[in-house]
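Q: here is a sequence with its predicted model. Questions after.
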Amino acid sequence: MIAVIATGGKQYLVKEGDKIEIEKIKGEKGEAVTFDKVLLTSEEDGSKLSVGTPNLSTKVTGKVMEQGRHDKIEVVHYKAKVRYKKRSGHRQPFTRIEITKIG
């Protein structure tokens, strides 16, 4: 079974056993998380399709694998002819989830 879930302002197509990186959520390594915003579910061959208006009552369960941060992205602000240059960096936090159950 596959499902489309919404979390962190984004949508993810998942199936059981998938490992996905989502925007950071609370939870320690090994802890279970539940996603309530399920937009669509379907069998893998597409035979049984359910579309929510806007959400379904189905829940998707996962396990937190890791809390981490991506590589640093350099941000440079520059204005010509005025000797203005400013450099900073950003590391976006993420949570890696393994989907354990749909339904």
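A: Perfect, I can see it now.
Q: please name the bridge partners of the residue lying closest to Gly9 once chain neighbours are set aside.
A: Spatial nearest neighbour of Gly9, chain neighbours left out: Glu23 (7.1 Å); criterion: CB to CB, 6 or more residues apart in numbering. Bear in mind the C-beta positions are built from the backbone N, C-alpha and C, glycine included. According to DSSP bridges, the residues that bridge with Glu23 are Phe94.
Q: so Glu23 sits against Thr7, correct?
A: Yes. Counting by CB atoms under 8 Å, Glu23 touches Thr7, with 6.9 Å between them.
Q: who's more crowded, the two?
A: Neighbours were counted for Glu23 and for Thr7 using other CB atoms under 10 Å; Thr7 has more, 19 against 12.
Q: give the next helix or strand downstream of the lowest-mean-pLDDT helix or strand in the chain.
A: Least confident helix or strand of the chain, by mean pLDDT, DSSP states H and E, is strand 49-56 with a mean of 92. For strand 49-56, the following helix or strand on the C-terminal side (DSSP states H and E) is strand 60-69.
Q: contacts for that following strand?
A: Residues outside strand 60-69 that contact it (CB atoms under 8 Å, 6 or more residues apart in numbering) are 3, 5, 14, 19, 24, 27-35, 38, 91-102.
Q: can you tell me which residue is spatially central in this protein?
A: Nearest residue to the geometric centre of the chain (CA atoms, centre = their mean): Ile22, 2.4 Å.
Q: could you check how far Thr53 is from Phe94?
A: 30 Å (CB to CB, to the nearest Å).
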